[in-house]
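In: Next comes the sequence, and after it the predicted model I'd like to discuss.
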Amino acid sequence: MKDMTNPGMIAFRKDLFADERDDRLNEVGKPTRRQDILGHVTGRSPFYDDHLFDGLTHLRCVRSPHHAARVRRIDTAEAARIPGVVRILTGADVPRNLNTLLSLLDFGIDDEPVLSTDRVRYRGEPVAAVIAETEAQARAAVKAVRVEWEPLPHVLDVEEAIRPGAPVVLDIYPGNRFVYHGKYDHQKLRYGDVEAAFGHADHIVEGRYQMSPIEQAPIETCGAIAAPEQNGRYVCYTSTQALFFSLGTAAKVLNLPSSRLHFIGGTVGGGFGGKVDSIHEPLAILGAMLTGRPVKYMWDREEEMQVGAPRGAERWYIKDGVMKDGRIVARRFTGFFDSGAYTRLSSYAVIKAAGHLPGPYTIPNVHADVYCVFTNRTPATAMRGFGITGVDFAIEAHMDKVAEVVGMNPVALRILNAYRDGDMKAHRRVAKNCALIECCQVVAEKAGVRLSPELLAMSSRRGGGGERGRLPAHTATDEAGRVEGFAAQGYARRGGPRPVEPPRQAAPGPAPVAASASRAADPRARGAAAPAAAGGGSMPPPAAPPEPPAPAPAPARPGSLRFSSISGFRRR
Amino acid sequence: MRPVTFTLNGAPRAAFAAEGQNLLDFLRRGVGDLSPKYGCGQGSCGACTVIVDGETRLACLMPAEDAAGRRVETAAGLDPQGRHPLQEAFMEHFAAQCGYCTPGMLMAARALLDRNPRPSRDEVIEAISGNLCRCTGYEPIIAAILSAAEARA
């Protein structure tokens, strides 16, 4: 078999870290044939739309033309008279018409209706669904549904959305910010004291970075076909990337035991994160339940682009304190994720982003506030490294800017600041298996960038630890963004805890944080690896609130604790 | 409904086409050849590419009735065991990941090699320029088509 890669594009540098690796590998490093490729080249791979049913009906949605509006009335009478219309669904037909995608992981308050009954929060949000004999009839009936809209003020920019007086997107989040741990309206990372370090730095380098939303744009549009199985069960062929996620979501929304749902997937015509949201399965199954007919709910290309959840937009502000020799001594982030109108996966994206800061560099003082912001834009979701890619773009663009300010080669700047084995990271874990220095050296060689003998001699395995491995003696913490009225433990109770009193969110102070309630805290006093020590940190605290986890937790009873990258350590 | 008689992958076929039905829907629903795919319905992605009388056509934009009396070829008409040189080259070169664009891509490639057995790299790129692929980055597909041309020569 020939090399699948363009020769010269990929090189295996097995000379690096050779002693750390067992190279007696059977598959890694060798081209291999996909197990499903024969179906692909013969046109016989079974995508969801390749399942034929007699009497298949077609479901299409009635969508909001407004970014935000109240729904005064939905009149389906005329549409129901269109030939071929089998049934028209509205929110009243959905057994449990409120969900948040990560509720299966107990993360987030139910916030999104399947078919909205009273209010829409983004352009394209569905309020009714028509099921008809043919797609053309379904389209005609969609046009005939009369909706009386009362347009409402909307907000489309993350920083406008968090200003006092901005239109509130979701009533449960009055500040238009997701609430973490029931405590803060953002994710905090506090390590050392950036303000003090800025005072001693030779240069201050600031930057603002903006990413647009990106549509995953799979060639196969999202969709599902559901049909009664005549045994009390419903079969569902779906394009989902997350079969059991979609199964759980459908069971919840339809209020059915999952044993009554027979999900078939696994052949996905491109996903890239955009086929996680489990939008189609519940409606298709509901249609099959209410009509007794097979129902296909498939987005056309326009819907895929307009209402398909993209990688969310991000805006980052970075401020660095830098010494003349290129050492970065302090880095402060303020980040805004545009979640769009609903939570979907953005709350989790922010946790990933906060855990990724300050990038692969050893910086002794780091401060980050990262906000998951609701706006009246299309809800955002997963896409290839979401939560990481955007901030990495910001960080690396900023590194180039820093290099320019200090007059250093950008590759040299990265080598100088790179993590080395034994260094302490801002989230209080020791760096190991570092390789950035070696990557930079190889890149420089390939790009024809001349590095000094000192830089060429540097290694990720030498020079780390020691002073670089110690926690800061002092970490400045604060209570900015503290909220009240949300369930304090965990992320949400199933069914969505409503705030016991109208939640109060502090006036937003996104950019320079007024460290009004700033106080000193020695992280070591509360355990070296207590990420919650600085009031949130990049790792969420346990959902059930025991002591902050030790670095290597030894559960009292093996198996009684499980670790989730989303919710930390949890007791079963 | 009107009867449409045509040749599909070398065999005579007849089926009813609904008024205004496009060739893609007709092949998939009316005839049962599921190899052409719906990607956009507006002629911009190429997933529905078929060959009609030796020329590539976008099945989503062609009325089904226009296929009457003509020769239609789809990916299902290549070797069912994947032994056509293009199929072998696609498998060899990892030229498919999700596989959704593959049937259309194979038809575009086949029409190219039928009229130009030894295409240049630029000619390959030109031939598949109407076919979108979101997974591979195209390089493996180009390599596969060039290698199939070599194998057939």
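Out: In hand now; what should we look at? Numbering: from 1, shown residues only, chains lettered A, B, ... in the order given.
In: Please name the nearest non-neighbouring residue to the residue in the stretch 201-350 of chain A positioned nearest to chain B.
Out: When scored by C-beta to the nearest C-beta, the stretch 201-350 of chain A has residue A:269 as its residue closest to chain B, at 3.3 Å. Using the backbone N, CA and C atoms, a C-beta is placed for each residue, glycine as well. With sequence-adjacent residues excluded and distances taken as C-beta to C-beta, 6 or more residues apart in numbering or on different chains, residue A:269 is closest to residue A:220, at 2.3 Å.
In: what about the strands in the stretch 101-250 of chain A?
Out: Assigned by DSSP state E, counting those that start in this stretch, the stretch 101-250 of chain A shows strands spanning A:119-120, A:126-132, A:146-151, A:187-191, A:203-211, A:223-228, A:234-238.
In: Now tabulate those strands in CSV and tack on mean pLDDT.
Out: Below are the strands of the stretch 101-250 of chain A laid out as CSV (pLDDT from 0 to 100):
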stretch, mean pLDDT
strand A:119-120, 98
strand A:126-132, 98
strand A:146-151, 98
strand A:187-191, 97
strand A:203-211, 98
strand A:223-228, 98
strand A:234-238, 98
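In: so can I have JSON lines of those strands showing distance to chain B and mean neighbour count?
Out: Output for the strands of the stretch 101-250 of chain A, formatted as JSON lines (distance: least, C-beta to the nearest C-beta, whole Å; neighbours: other C-beta atoms under 10 Å in any protein chain shown):
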{"stretch": "strand A:119-120", "distance to chain B": "26", "mean neighbour count": "22"}
{"stretch": "strand A:126-132", "distance to chain B": "14", "mean neighbour count": "26"}
{"stretch": "strand A:146-151", "distance to chain B": "25", "mean neighbour count": "14"}
{"stretch": "strand A:187-191", "distance to chain B": "31", "mean neighbour count": "27"}
{"stretch": "strand A:203-211", "distance to chain B": "19", "mean neighbour count": "15"}
{"stretch": "strand A:223-228", "distance to chain B": "10", "mean neighbour count": "26"}
{"stretch": "strand A:234-238", "distance to chain B": "13", "mean neighbour count": "25"}
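In: The ones you listed into a markdown table, with extra columns for distance to residue A:464?
Out: Shown next, in a markdown table, are the strands of the stretch 101-250 of chain A (distance: least, C-beta to C-beta, whole Å):
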| stretch | distance to residue A:464 |
| --- | --- |
| strand A:119-120 | 53 |
| strand A:126-132 | 53 |
| strand A:146-151 | 58 |
| strand A:187-191 | 17 |
| strand A:203-211 | 24 |
| strand A:223-228 | 50 |
| strand A:234-238 | 48 |
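In: for these, which one sits closest to residue A:414?
Out: With C-beta to C-beta, the closest approach to residue A:414 among the strands of the stretch 101-250 of chain A belongs to strand A:203-211: 14.6 Å.
In: Report the strands that pair with the closest one, each with its relative direction.
Out: Neighbouring strands of strand A:203-211 in its sheet, by DSSP bridges, are strand A:314-322 (antiparallel).
In: which element follows the partner strand toward the C-terminus?
Out: Counting by DSSP states H and E, the element after strand A:314-322 in chain order, helix or strand, is strand A:328-340.
In: Next, the angle strand A:187-191 makes with that following strand.
Out: If you take axes from the mean of the first three to the mean of the last three C-alpha atoms, to 10 degrees, strand A:328-340 sits at 180 degrees to strand A:187-191.
In: CA atoms only for strand A:328-340, dumped as PDB, please.
Out: Written as PDB, here are the backbone C-alpha positions of strand A:328-340 (Å, rounded to 0.1, in the frame of the first residue of the first chain):
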ATOM      1  CA  ILE A 328       6.400  36.400  29.700                       C
ATOM      2  CA  VAL A 329       5.800  37.100  33.400                       C
ATOM      3  CA  ALA A 330       2.100  37.700  33.400                       C
ATOM      4  CA  ARG A 331      -0.800  36.900  31.100                       C
ATOM      5  CA  ARG A 332      -4.400  38.000  31.600                       C
ATOM      6  CA  PHE A 333      -7.300  36.700  29.500                       C
ATOM      7  CA  THR A 334     -10.900  37.900  29.100                       C
ATOM      8  CA  GLY A 335     -12.800  35.600  26.800                       C
ATOM      9  CA  PHE A 336     -16.300  35.600  25.500                       C
ATOM     10  CA  PHE A 337     -17.900  32.600  23.900                       C
ATOM     11  CA  ASP A 338     -21.000  33.300  21.800                       C
ATOM     12  CA  SER A 339     -23.300  30.500  22.800                       C
ATOM     13  CA  GLY A 340     -26.100  31.900  20.700                       C
END
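In: Now do the buried residues in that strand.
Out: Residues of strand A:328-340 classed as buried: A:328-340 (neighbour count, 16 or more other C-beta atoms under 10 Å in any protein chain shown).
In: Map the structural domains onto the sequence of chain B.
Out: B:2-77, B:85-152 (automatic domain parsing).
In: thinking again about what came up before, nearest to residue B:30, out of the strands of the stretch 101-250 of chain A?
Out: Shortest distance between residue B:30 and the strands of the stretch 101-250 of chain A, using C-beta to C-beta, is found for strand A:223-228: 17.9 Å.
In: Show residues contacting the closest one.
Out: Residues outside strand A:223-228 that contact it (C-beta atoms under 8 Å, 6 or more residues apart in numbering or on different chains) are A:48-49, A:51, A:53, A:56, A:234-240, A:280-281, A:284-285, A:287-289, A:292-299.
In: The same query, at a cut-off of 6 Å, please.
Out: Applying C-beta atoms under 6 Å, 6 or more residues apart in numbering or on different chains, the contact partners of strand A:223-228 are A:48, A:51, A:53, A:234-239, A:280-281, A:284-285, A:288, A:292, A:294-298.
In: Selecting buried members of those residues in ChimeraX, what would you type?
Out: In ChimeraX, this line selects whichever of the contacts of strand A:223-228 come out buried by 16+ other C-beta under 10 Å:
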select /A:48,51,234,235,236,237,238,239,280,281,284,285,288,294,295,296,297,298
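In: what's the spacing between the residue positioned nearest the centre of chain B and residue A:461?
Out: Closest to where the C-alpha atoms of chain B average out (C-alpha atoms, centre = their mean) is residue B:107, at 2.9 Å. Between residue B:107 and residue A:461 the distance is 53 Å, computed by C-beta to C-beta, to the nearest Å.
In: Can you say which two of the buried residues of strand A:328-340 are spatially most distant?
Out: Distance extremes for the buried residues of strand A:328-340: the farthest pair is A:329 and A:340 at 36.7 Å, using C-beta to C-beta.
In: hang on, residue B:117 in a strand?
Out: No - according to DSSP: H, G, I helix; E, B strand; the rest coil, residue B:117 belongs to no strand; its state is coil.
In: burial measure for residue 58, as a count.
Out: All of this is about chain A. 22 (other C-beta atoms under 10 Å in any protein chain shown).
In: you looked at the wrong chain, it should be chain B
Out: Residue B:58, neighbours per other C-beta under 10 Å, totals 24.
In: what's it in contact with, if anything?
Out: Taking C-beta under 6 Å, 6+ apart, one finds B:43, B:48 in contact with residue B:58.
In: Could you rerun that using 10 Å?
Out: For residue B:58, the contact set (C-beta atoms under 10 Å, 6 or more residues apart in numbering or on different chains) comprises B:22-24, B:36, B:40-50, B:104, B:130-131.
In: do residue B:88 as well
Out: Residue B:88 makes contacts with A:41, B:79, B:82, B:144, B:147-148, B:151, as judged by C-beta under 10 Å, 6+ apart.
In: got it, and residue B:123?
Out: For residue B:123, the contacting residues are B:112, B:116, B:145-146, B:149, by C-beta under 10 Å, 6+ apart.
In: now swap in residue B:80 and tell me
Out: By C-beta under 10 Å, 6+ apart, the residues touching residue B:80 are A:38, A:42-44, B:87.
In: cutoff 6 Å now
Out: When contacts are counted by C-beta under 6 Å, 6+ apart, residue B:80 touches residue A:42.
In: residue boundaries of the helices in chain B?
Out: Listed in chain order, the helices of chain B (DSSP state H) span residues B:23-25, B:85-92, B:102-115, B:121-127, B:139-152.
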